[in-house]
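Visitor: Kindly generate the corresponding structure for this input.
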Amino acid sequence: MRTEVIPQVSRRSGVLEFAVLGLLRESPMHGYELRKRLNTSLGVFRAFSYGSLYPCLKTLVQQGWLAEESGRAADDPRATPLSNRRARIVYRLTAEGKERFEELLDQTGPDAWEDEHFGVRFAFFGQTSRDVRMRVLEGRRSRLEERLAKMRASMARTREKLDAYTLELQRHGMESVEREVRWLNELIESEREGRDRGGARERDPSDPSGDSTT
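Guide: This is a model prediction of the structure:
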């Protein structure tokens, strides 16, 4: 696992960079398809605009992490086909971009536990090593447990001052956090037992039998 320090960027732009590199690792795409995938696959970007995406793409190209090509990459059948005659720029992940994404996958600091970043990180858990997944899940759980404790303390202090609707809203918020904590507990237990999301155990490379079931 890489241990070098990666320059920190703003939280919002860092999440976007991570998402763009991750999606382009799956397949080259043009900007419209990238925006569509960000909107439909990653909930945090549902209200996302071209005005935010293209400066990010330009920066990633300048960094050498993406390459621009006109139209569909002829030698890559995975590239998203265009539906009109006007050629668009197709963005392809470079070898340096793949390395950058792998570095970002290894990051497990507090930003990975926050609401905006966690969902995006979770979307790419299939490409993330188990030890990193565990650290992100446990960090997220700790963050939510802290939040839950503060919410309970606040409700205890202000309960008598709140009207019924405000109190119900606070209860709803607490229940949402409690549900996510239970969900995280289940995920962490599955990771500890070595199960993938389909319920089967991940194969242990040291097991000569190659049997992935128990």
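Visitor: hey, where'd the helices end up in the chain?
Guide: Ranges of helices within the chain are 11-26, 31-41, 50-62, 95-105, 115-123, 130-158, 164-193, based on DSSP state H.
Visitor: With mean pLDDT and distance to Ser70 as new columns, can those helices be given to me in a markdown table?
Guide: Bear in mind the C-beta positions are built from the backbone N, C-alpha and C, glycine included. Converted to a markdown table, the helices of the chain look like this (pLDDT from 0 to 100; distance: least, CB to CB, whole Å):
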| stretch | mean pLDDT | distance to Ser70 |
| --- | --- | --- |
| helix 11-26 | 85 | 16 |
| helix 31-41 | 85 | 13 |
| helix 50-62 | 89 | 14 |
| helix 95-105 | 95 | 19 |
| helix 115-123 | 88 | 29 |
| helix 130-158 | 94 | 37 |
| helix 164-193 | 94 | 43 |
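Visitor: Distance to Ile89 added to the ones you listed, as CSV?
Guide: Formatted as CSV, the helices of the chain follow (distance: least, CB to CB, whole Å):
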stretch, distance to Ile89
helix 11-26, 12
helix 31-41, 7
helix 50-62, 8
helix 95-105, 15
helix 115-123, 24
helix 130-158, 32
helix 164-193, 38
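Visitor: would TSV of those with mean neighbour count be doable?
Guide: Formatted as TSV, the helices of the chain follow (neighbours: other CB atoms under 10 Å):
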stretch	mean neighbour count
helix 11-26	20
helix 31-41	16
helix 50-62	15
helix 95-105	17
helix 115-123	18
helix 130-158	15
helix 164-193	13
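Visitor: Go through the ones you listed and name the closest to Arg88.
Guide: helix 31-41 (7.0 Å; CB to CB).
Visitor: Let me see the domain layout of this structure.
Guide: Domain assignment for the chain, taken from automatic domain parsing, gives 11-76+87-107, 129-193.
Visitor: nearest to Phe118, of the ones you listed?
Guide: Closest to Phe118 of the domains of the chain is domain 129-193 (CB to CB; 5.3 Å).
Visitor: Now find how far off-centre that closest one is within its chain.
Guide: Remark: domain 129-193 is offset 19 Å from the chain centroid, using CA atoms, centre = their mean, to the nearest Å.
Visitor: The residue sitting furthest away from the middle of the chain and Val120, how far apart?
Guide: What lies farthest from the middle of the chain is Glu160; by CA atoms, centre = their mean that is 39.9 Å. According to CB to CB, to the nearest Å, Glu160 stands 40 Å off from Val120.
Visitor: Glu191 - nearest residue in space that isn't next to it in sequence?
Guide: Of all residues beyond its chain neighbours, the one nearest Glu191 is Met134 (5.3 Å), with distances taken as CB to CB, 6 or more residues apart in numbering.
Visitor: From Pro55, how far out is that neighbour?
Guide: Met134 is 34 Å from Pro55, by CB to CB.
Visitor: before we move on, the earlier item: what residues are up against the residue nearest to Glu191?
Guide: By CB atoms under 8 Å, 6 or more residues apart in numbering, Met134 lies in contact with 188, 191-192.
Visitor: ok, of these, which one's closest to Gly64?
Guide: The closest of these, once distances to Gly64 are taken by CB to CB, is Glu191, at 34.2 Å.
Visitor: All set now, cheers.
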